[in-house]
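*Asks:* what's the 3D shape of this:
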Amino acid sequence: VAPPADGTEEVATVKLTITGDGISVEEQKKVLIFKSRNGTIVQTDKPIYEPGQTVKFRIVTLDEEFLALNDSDPKNNRIEQWHNVVPQDGIADLSFQLSDEPLLGMYVINVTSTRAYGSFFVKEHVLPKFEVIFEAPNQIYALDTTFPLRVCGRYTRGKSVQGVVHVSLCQKIAPFLPSASKPDLCHKFSNQTDEAGCFFTNVSLSSFSRDFHYYRDSIVAEASLVENATGVQINTSSQILISRTSARAVFETPNEYYIPGVPYRGKIKVQDHYGTGMKNRKVYLVIRFMRRRFIKTYITDDSGIASFNLDTAAWNSSSVTLEGRFTLEEFMRTPRRTDFSYTNAYHHLQPFHVTTKSFLDIHPPTETLPCGLKQNVQVTFTLNRDDLGEDTSRISFAYYVTGKSGIVVRGQRNIQIGKLNMLKGSFFIPLTFTADLSPSPSLVVYAIFPNGGVTADSIRLDVALCFQNQVRVGFPDKEAHAGSAVQLQLQAAPGSLCAVQAVDENMFFTRPDRELTSQMVYGLFPAAYQRGYPAQVEEHSDHCVQTQPSSSLLRTRPQNSFQPDIFNLFRNMGLKVFSNLAIKKPSQCSRRADRKPIIGVPSTEDQRITEERHQFTTHRRFHHYLPETWIWNVYSVGSNGSRNVSVTAPAAAAEWKVKMFCLAGRGFGFGLAPTTSLRTVQPFFVDMTLPYSVIHGETFLVKATVLSYLQQCIQIQVTLAKSSDFQV
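*Replies:* Numbers count the residues shown, from 1 in each chain. Model prediction:
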């Protein structure tokens, strides 16, 4: 297809004409043609710099097939400028040096041609002696009696810190109350760290209030660790939420519609206030339709899940609401407690418009599908003789799989049928998920019967984010002595150019949002996640049916909201359908052209239930710790797709995280390696405590700490090197 003649997009018309013996079909559809979109990655070698340091960064521009572009950028940067930047094999590798006294704060690298940017910070910093790790649940239940809390100190090279921990926990008064009305409820304690450098305790909730009319539903936590040897103090803080929800129910991946006459299968998951499944728990399923209500009772399994199978014959093709409940108090008019409650599950179902007595069902995989492995997706079907006719001996099921570039897989399965009035069976569709199918492929299966009826089903698959260029980076061993030579092992598609970044692991805690991930790369192309038709080529029904006589004074128009029918199965996948069959559900006419919202009816936003999982969280504070970069190089793997590079391990004990992305030509494109690590070790080393700056003539104290990983005692002499810059 030719690109748009002018601009970035163009609406085109596709016309289909079919003529034959006694048949003539003509239909046309509008489609949107747009220019290939690009996405740009800006990667810096680290997120924070000191005055006077060199900022290194890379710029890579990819198209929607993850192929690198070598287009030049004629613009310039306000702080440093590069004219007509042409990437080498897709990578623009640039750098510039900061002045000795730059403005502190955030700096932006702006790629004007693609409207992309990256950022970094310039800070004056004091190298920390250690990090403080605060561990506590990010959410607790108000009726709990205690919760665990741990504070640990770790030197940046991994050894535990010996010192005194101070912790303050405060529940503040509600924000709308005057500060003098009630005091904040605080609990403070101090203790020495153990041999592992940690302090652990179970905090009693008796010191805090459950009266949330006067107090906030959160606890502010502040912790500090004072090192015994030097008196250096490092602080950290966190917030612990107090939940009044004792348990919640959620529907597990429910379908948006049901097929009349076909049993509706589903699952309810019951979780406690920590997000753990509650086994052997009674749960009620309330079914509402046509002003009627039915209640079914289930018991959860060991995973906290209750499975149900509902007969849809009595629903009479009406809208149905499902509600998962813990209790029936509301129906029995039993007084309810307002402070503490359960969160019920809600789900609304629409009937699927059917034109046959036959149906099929795609069984969706329950887990995320890995890349490169063959998967068999099961399809079950029930065929009725009324749809097949007397002389039909075979029925064909067609299927399509769509990815980010349209239809990727297509196929057909032919099923031999006998003389039975009702035939049930199944078949499998073999699929191998590659980069062409990521990030969110859909599968549709349909069959056309001799009587003109159509049955179909579709699912959206959860697939791992894949790249065609399979990339790996690593070391022969997970540990190496500081200063020794190690082999960096690279693997990628033949001819790939690979950019390697190795930094202290603490960089990923400093600004985790700047880490290059598969999600970030796929996020450059949000259109790959979109469903349905673009607004420019949307299809609206021109006809509608009257549900009841209406006044001639009132105008009528079709209601073009979501209609669960075969047409919308294809529409949601972005596929245009040419058909003379009855694949659309007739729209009901709206009796007023300009209808105002009904006051008092809750919106779907109000009814939405969000699943929360209360995790045990870790908060780290590095006191502006500035990680240094070990490797920032670009290597070619050559024609065999692998290369070993000899590098020297840093002369410091640390955990180094290594990331790598590679670029190759058509057929492979971009690839991102899983993060690997290397620990560099030293038997012993000296750590010095120094201020960031001093005034000329000032006297200050220098403290040196010897840290040893040896199992036996040794005698060490520490000497301060002579210098003309200071006197001892």
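*Asks:* correct me, but residue 581 touches residue 455?
*Replies:* No. Under the criterion of C-beta atoms under 8 Å, residue 581 makes no contact with residue 455, lying 11.2 Å away. Any C-beta I mention is one placed from the backbone N, CA and C, and that applies to glycine too.
*Asks:* Which one's more surrounded, those two?
*Replies:* Neighbours per residue (other C-beta atoms under 10 Å) separate residue 581 from residue 455, with residue 455 holding more: 26 against 14.
*Asks:* Beta-bridge partners for that one, please?
*Replies:* As for beta bridges, residue 455 partners with residue 447 under DSSP bridges.
*Asks:* buried stuff in stretch 140-152?
*Replies:* 140-142, 147, 149-152 (16 or more other C-beta atoms under 10 Å).
*Asks:* Mind picking the two most distant members of the residues you listed?
*Replies:* Longest distance between any two of these is 27.4 Å, between 142 and 152; criterion C-beta to C-beta.
*Asks:* which residue ranges form the helices in the chain?
*Replies:* Assigned by DSSP state H, the chain shows helices spanning 329-332, 385-388, 507-510, 518-522, 566-572, 604-607.
*Asks:* Could you find the closest non-adjacent residue to residue 315?
*Replies:* Among residues not flanking residue 315 along the chain, residue 289 sits closest, at 5.2 Å (C-beta to C-beta, 6 or more residues apart in numbering).
*Asks:* what about that neighbour, how many neighbours?
*Replies:* 19.
*Asks:* for it, what are its contacts?
*Replies:* Applying C-beta atoms under 8 Å, 6 or more residues apart in numbering, we find residue 289 in contact with 315-316, 318-321.
*Asks:* Compute the distance between it and residue 347, please.
*Replies:* Distance, residue 289 to residue 347, by C-beta to C-beta, to the nearest Å: 13 Å.
*Asks:* what's the overlap in contacts for those two?
*Replies:* With C-beta under 8 Å, 6+ apart, residue 289 and residue 347 have common neighbours residue 321.
*Asks:* In contact with the closest residue to residue 120 other than its chain neighbours, which residues are there?
*Replies:* Of all residues not flanking residue 120 in the chain, residue 44 sits nearest, at 5.0 Å (C-beta to C-beta, 6+ apart). Going by C-beta under 8 Å, 6+ apart, residue 44 touches 55-57, 109, 118, 120, 514.
*Asks:* swap in residue 267?
*Replies:* With C-beta under 8 Å, 6+ apart, residue 267 has these contacts: 251-253, 305-308.
*Asks:* hmm, back to that, redo the contacts of residue 44 as TSV? Include distance to residue 285, pLDDT and neighbour count.
*Replies:* As requested, the contacts of residue 44 are exported to TSV (distance: C-beta to C-beta, whole Å; pLDDT from 0 to 100; neighbours: other C-beta atoms under 10 Å):
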residue	distance to residue 285	pLDDT	neighbour count
55	59	87	19
56	59	89	17
57	55	88	17
109	54	79	20
118	50	78	19
120	53	78	20
514	46	71	17
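*Asks:* Next one: the closest residue to residue 183 other than its chain neighbours from residue 149, what distance?
*Replies:* Nearest non-adjacent residue to residue 183, counting by C-beta to C-beta, 6+ apart: residue 173, 7.7 Å away. Distance from residue 173 to residue 149, counting by C-beta to C-beta: 23 Å.
*Asks:* Next: residue 278.
*Replies:* From residue 278 to residue 149 the distance is 25 Å (C-beta to C-beta).
*Asks:* Any idea how many residues pack against the residue nearest to residue 322 when sequence neighbours are not counted?
*Replies:* Closest residue to residue 322 apart from its sequence neighbours, by C-beta to C-beta, 6+ apart: residue 347 at 4.6 Å. Here the number of neighbours of residue 347 (other C-beta under 10 Å) works out to 18.
*Asks:* same thing with residue 479?
*Replies:* Neighbours around residue 479, by other C-beta under 10 Å: 13.
*Asks:* what's across from it in the sheet?
*Replies:* Beta-bridge partners of residue 479, as defined by DSSP bridges: residue 679.
*Asks:* residues contacting it?
*Replies:* 678-681.
*Asks:* pLDDT score for it?
*Replies:* Model confidence at residue 479, given as pLDDT, is 89.
*Asks:* before we move on, what about residue 386?
*Replies:* Residue 386 is assigned 88 on the pLDDT scale.
*Asks:* close enough to count as contact, it and residue 449?
*Replies:* No. Using C-beta under 8 Å, residue 386 is not in contact with residue 449; the gap is 9.1 Å.
*Asks:* so where do the strands sit in the stretch 101-250 of the chain?
*Replies:* In the stretch 101-250 of the chain, the strands defined using DSSP state E, counting those that start in this stretch lie at 105-111, 116-122, 130-137, 139-141, 146-155, 163-171, 185-192, 198-204, 218-227, 233-243, 245-251.
*Asks:* I'd like those strands as CSV, with distance to residue 92 appended.
*Replies:* Output for those, formatted as CSV (distance: least, C-beta to C-beta, whole Å):
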stretch, distance to residue 92
strand 105-111, 9
strand 116-122, 12
strand 130-137, 35
strand 139-141, 44
strand 146-155, 38
strand 163-171, 47
strand 185-192, 53
strand 198-204, 46
strand 218-227, 43
strand 233-243, 38
strand 245-251, 46
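*Asks:* of those strands, which approaches residue 637 most closely?
*Replies:* Among these, the nearest to residue 637 by C-beta to C-beta is strand 116-122 (25.7 Å).
*Asks:* and the angle from the closest one to strand 105-111?
*Replies:* 160 degrees (axes from the mean of the first three to the mean of the last three C-alpha atoms, to 10 degrees).
*Asks:* Any buried residues in strand 116-122, and which?
*Replies:* Buried, per 16+ other C-beta under 10 Å, within strand 116-122: 116, 118, 120-122.
*Asks:* Tell me the one among those nearest to residue 262.
*Replies:* For these, the nearest to residue 262 is residue 116 (48.6 Å; C-beta to C-beta).
*Asks:* who's in contact with the closest one?
*Replies:* 39-42, 61, 110.
*Asks:* From those residues, which land in strands?
*Replies:* Using DSSP state E, 39-42, 61, 110 are the members of those that sit in strands.
*Asks:* Dump these to TSV, plus distance to residue 438 and pLDDT.
*Replies:* Converted to TSV, the ones in strands among the contacts of residue 116 look like this (distance: C-beta to C-beta, whole Å; pLDDT from 0 to 100):
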residue	distance to residue 438	pLDDT
39	15	86
40	20	87
41	17	87
42	23	88
61	20	86
110	29	76
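*Asks:* top of those by neighbour count?
*Replies:* That'd be residue 61 among the ones in strands among the contacts of residue 116, by other C-beta under 10 Å, with 24 neighbours.
*Asks:* Dig out what that residue forms beta bridges with.
*Replies:* residue 40.
*Asks:* which ones are touching it?
*Replies:* So residue 61 contacts 38-41, 68-69, 71, 87, 90, 111, 114, 116 (C-beta under 8 Å, 6+ apart).
*Asks:* with those residues in mind, which one is nearest to residue 395?
*Replies:* Scanning the contacts of residue 61 for proximity to residue 395, where the rule is C-beta to C-beta, the winner is residue 39, at 44.0 Å.
*Asks:* I figured that closest one was touching residue 60, is that so?
*Replies:* No. Counting by C-beta under 8 Å, residue 39 does not reach residue 60; the two are 9.2 Å apart.
*Asks:* Overlap of the contact sets of the two?
*Replies:* By C-beta under 8 Å, 6+ apart, residue 39 and residue 60 have no common neighbours.
*Asks:* Spatially, which residue comes closest to residue 409, not counting chain neighbours?
*Replies:* Here the residue nearest residue 409, using C-beta to C-beta, 6+ apart, is residue 401, at 3.8 Å.
*Asks:* Near the one you found, how many other residues are there?
*Replies:* 21.
*Asks:* so what's it bridging to?
*Replies:* residue 409, residue 443.
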